[in-house]
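>>> what shape does this take:
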Amino acid sequence: DTALRLVLGTLLAWLAYDAALALQRTEPALRAPLALLATLAAGLALLTLARGLHLTGAGAAQRWDNVVALAAVLLALDLLWLVFARLNGQLAELATRDALTRLLNRSGLDEALTRHFGARDAPALTLLAIDADHFKRVNDRLGRAAGDLVLRALAATLKRHLRPSDLVARVGGEEFVICCAGADAAGARSLAERLREAARSLEVGAAAGHGDAGCSISIGVSRPFHTLADWPRAAAEADRALYAAKTAGCDRVCTA
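Numbers count the residues shown, from 1 in each chain. The predicted model follows:
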């Protein structure tokens, strides 16, 4: 009985330590249940070790056992809270992220734009509408699996060239949008050219016997917009500029 209590107390102490470490790197929604888990596990570890080492008097043993039982129930309830909080976070991730590229989807972009313009002194955004050129040829020639690899690699390339304040989303099969924060027309154009060059040099290992796959991109750039109500205007401008880039031969940037 003593050895079992000592082993259980040690395991609970390890659980408390691991939960405390996880607090430093977890998302905000999980911090409250994790903090409670660390506290309960630490307290339960101390109680269990004290009972195992016979640090309590004979008359108090029953009271200590009752306290341990109550702490164990609270710990189990907190673990359920943690599981449900984690599941809710995963469901929210599925609802706002594109399954293939892990970029924002349309719903996630809408939420991000609402948060952005809901902040005090939110900087203006410039919209970049991006389309992979002749992407159907990649799927037809190499298959959809290779096409998916290209899209994932392209998404990672776009994200790598952006700042944390910028937004990037996949809004269609091979269509992406970027909302560049605080950039003027020249800065947005410069970013678009860098993205175009990065995509052009992208090579993805395709199926055996097919060599590498890749594609160029065309980009349409809107004027900066300052409110959420200006989004339709910016989207229309970026779409018209993208159409101009496609009409002019692809693999280029056009601005509104």
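>>> ok, which stretches of the stretch 151-256 of the chain are helices?
Per DSSP state H, counting those that start in this stretch, the stretch 151-256 of the chain carries helices over the ranges 185-200, 231-247.
>>> my read: residue 33 touches residue 77, true?
No: in this structure, residue 33 is not within contact of residue 77 by Cβ atoms under 8 Å, at 9.9 Å. Every residue, glycine included, has its C-beta placed from N, CA and C.
>>> among these two, which residue is more densely surrounded?
Using other Cβ atoms under 10 Å, the more surrounded residue of residue 33 and residue 77 is residue 33, with 21 against 13.
>>> coming back round to it: so for residue 44, which of the helices of the stretch 151-256 of the chain sits nearest?
helix 231-247 (51.7 Å; Cβ to Cβ).
>>> from the contact counts, what lies against the closest one?
strand 125-132, strand 217-221, strand 253-255 (3 or more Cβ pairs under 8 Å, 6 or more residues apart in numbering; DSSP states H and E).
>>> I'd like the ones you listed as a markdown table, with mean pLDDT appended.
Converted to a markdown table, the helices and strands packed on helix 231-247 look like this (pLDDT from 0 to 100):
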| stretch | mean pLDDT |
| --- | --- |
| strand 125-132 | 96 |
| strand 217-221 | 97 |
| strand 253-255 | 96 |
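>>> closest one to residue 82 among those strands?
strand 125-132 (36.1 Å).
>>> let's see the closest one as PDB, backbone CA atoms only.
The C-alpha trace of strand 125-132 is given here as PDB (Å, rounded to 0.1, in the frame of the first residue of the first chain):
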ATOM      1  CA  LEU A 125      -5.200  46.400 -45.900                       C
ATOM      2  CA  THR A 126      -4.300  45.800 -49.600                       C
ATOM      3  CA  LEU A 127      -5.800  42.800 -51.300                       C
ATOM      4  CA  LEU A 128      -3.800  40.500 -53.500                       C
ATOM      5  CA  ALA A 129      -5.900  38.000 -55.600                       C
ATOM      6  CA  ILE A 130      -3.700  35.100 -56.700                       C
ATOM      7  CA  ASP A 131      -4.400  32.300 -59.200                       C
ATOM      8  CA  ALA A 132      -2.100  29.400 -60.200                       C
END
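>>> which of the helices and strands packed on helix 231-247 sits closest to residue 183?
Judging the helices and strands packed on helix 231-247 by Cβ to Cβ, what sits closest to residue 183 is strand 125-132, at 5.3 Å.
>>> can you list the helices of the stretch 151-256 of the chain in JSON lines and add mean neighbour count and distance to residue 87?
Shown next, in JSON lines, are the helices of the stretch 151-256 of the chain (neighbours: other Cβ atoms under 10 Å; distance: least, Cβ to Cβ, whole Å):
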{"stretch": "helix 185-200", "mean neighbour count": "17", "distance to residue 87": "36"}
{"stretch": "helix 231-247", "mean neighbour count": "18", "distance to residue 87": "32"}
